[in-house]
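Undergrad: no FASTA, just this:
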């Protein structure tokens, strides 16, 4: 029979026997377990559970928790079943499974481990007070039964601690994951243009500066492209800024699709874009830039009841090993201006 909680918390046969060995359980303890149940617990089960819940009723933290809509009678019935099984077949996977399940349930509802330990103490006291007088005599077995009770309570507490530890570690891991996700979202939001989804101005400049540092170390070559949509002001003036925004979004999608996987593109500002072409050569930068221009120009941007022909002018330059990001952008921008002056919808190399 599958024991999911034993599997979850790593209690195979060897670990079960190890835990029993730690508490010095023996085969003879099964006799004491049966006597504990038949002579102490079961004849007094209702009184023991009522005493336990009277104590719980005196604990403010428990009352605050129970005020959340718990069915007290159902909880008492569950507690009754738990106490009636205390110590019975303690060396079986089924016993460990049931105790781990109980501990996990209390961890889930938020009962503190300290309070849980105190509750076990009081439960043992309420059981001890029900040991009949004839077992308390010098030749009686009251001390042996009480010793077994303490031992089995320790076993149950130790299993509860296992579940609380894992629950707390899991909660911590989930909390850390949520924090990391929130940090990632904030980082992405801080570096992403909200309209186009491209890197924003600061982020693309930062990427260019990193690329320039690699160029300065002779690790690889980089080309910088300044790109600008032609006559975009006329689009906004004629059709409105909402249409202009949709054009920018579609152009951004086409830019991403046209570039190689290791190239980068960001919105430099307005209708201007900055492209970073990694591992570039004079030939490859012209090829990639022309492909990008064609992707923008060859097909109109289709909107509901509207089809707009858009073109893009581009200036491109190979980055030099001794220049700054501002220097590279300035040279690419000069080439862009030349493309505009030459009639737009073209690539000019600086």
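TA: Sure thing, it's come through. Here the structure is a predicted model, which is why all the values come from computation and not from measurement.
Undergrad: only C-alpha atoms for contact and neighbour calcs from this point on.
TA: Fine.
Undergrad: Mind giving me the packing neighbours of the helix or strand of the chain with the lowest mean pLDDT?
TA: Least confident element among the helices and strands of the chain, by mean pLDDT, DSSP states H and E: helix 142-191 (a mean of 81). Here helix 142-191 touches helix 29-35, helix 93-109, helix 113-128, going by 3 or more C-alpha pairs under 8 Å, 6 or more residues apart in numbering; DSSP states H and E.
Undergrad: distance of the closest residue to residue 163 other than its chain neighbours from residue 90?
TA: Nearest residue to residue 163, sequence neighbours excluded (C-alpha to C-alpha, 6 or more residues apart in numbering): residue 104, at 5.3 Å. Going from residue 104 to residue 90 by C-alpha to C-alpha, to the nearest Å gives 18 Å.
Undergrad: do the same with residue 322
TA: The gap separating residue 322 from residue 90 is 76 Å, by C-alpha to C-alpha.
Undergrad: any chance you could map the strands in the stretch 201-350 of the chain?
TA: 222-229, 264-269, 272-278, 301-303, 306-308, 312-318, 347-349 (DSSP state E, counting those that start in this stretch).
Undergrad: Relative to residue 86, which of those strands is closest?
TA: strand 264-269 (65.7 Å; C-alpha to C-alpha).
Undergrad: Compute the inter-axis angle for that closest one and strand 272-278.
TA: Orientation check (axes from the mean of the first three to the mean of the last three C-alpha atoms, to 10 degrees): strand 264-269 against strand 272-278 gives 160 degrees.
Undergrad: helices or strands next to strand 264-269 in the packing?
TA: helix 201-216, strand 272-278.
Undergrad: what about the chain, any weak spots by pLDDT?
TA: For the chain, residues meeting the criterion pLDDT under 70 lie at 1, 167-174, 186, 188-189.
Undergrad: picking up where we left off before, format the helices and strands packed on helix 142-191 as a markdown table; extra columns: mean neighbour count and distance to residue 245.
TA: Shown next, in a markdown table, are those (neighbours: other C-alpha atoms under 10 Å; distance: least, C-alpha to C-alpha, whole Å):
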| stretch | mean neighbour count | distance to residue 245 |
| --- | --- | --- |
| helix 29-35 | 18 | 77 |
| helix 93-109 | 19 | 49 |
| helix 113-128 | 16 | 56 |
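Undergrad: out of the ones you listed, nearest to residue 180?
TA: Closest among these, once you apply C-alpha to C-alpha, is helix 93-109, at 23.5 Å.
Undergrad: who's in contact with residue 123?
TA: 48, 52 (C-alpha atoms under 8 Å, 6 or more residues apart in numbering).
Undergrad: where's it relative to residue 86, distance?
TA: With C-alpha to C-alpha as the criterion, residue 123 and residue 86 are 11 Å apart.
Undergrad: With residue 156 instead?
TA: The value you get for residue 156 to residue 86, if C-alpha to C-alpha is used, is 9 Å.
Undergrad: can you check residue 78 too?
TA: Residue 78 is 13 Å from residue 86, by C-alpha to C-alpha.
Undergrad: same check, this time on residue 164
TA: To residue 86, residue 164 is 20 Å away according to C-alpha to C-alpha.
Undergrad: Repeat that for residue 177.
TA: Distance from residue 177 to residue 86, counting by C-alpha to C-alpha: 39 Å.
Undergrad: Between those two, which has more neighbouring residues?
TA: With neighbours defined as other C-alpha atoms under 10 Å, residue 177 and residue 86 compare such that residue 86 has more, 21 against 12.
Undergrad: was I right about residue 102 contacting residue 161?
TA: No. Counting by C-alpha atoms under 8 Å, residue 102 stays clear of residue 161, with 11.1 Å between them.
Undergrad: So what's the residue count around residue 239?
TA: Count around residue 239 with other C-alpha under 10 Å applied: 11.
Undergrad: could I get the strands of the stretch 201-350 of the chain as CSV with mean neighbour count and distance to residue 248?
TA: Compiled in CSV, the strands of the stretch 201-350 of the chain are given as follows (neighbours: other C-alpha under 10 Å; distance: least, C-alpha to C-alpha, whole Å):
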stretch, mean neighbour count, distance to residue 248
strand 222-229, 26, 9
strand 264-269, 22, 10
strand 272-278, 24, 10
strand 301-303, 14, 10
strand 306-308, 11, 12
strand 312-318, 26, 12
strand 347-349, 23, 19
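Undergrad: Out of these, which is closest to residue 144?
TA: Here strand 264-269 is closest among the strands of the stretch 201-350 of the chain (C-alpha to C-alpha), at 76.6 Å.
Undergrad: Next, the angle strand 222-229 makes with that closest one.
TA: 40 degrees.
Undergrad: quick one on the thing from earlier: compare the helices and strands packed on helix 142-191 and give me the one nearest residue 248.
TA: helix 93-109 (49.5 Å).
Undergrad: I appreciate the help and will end here.
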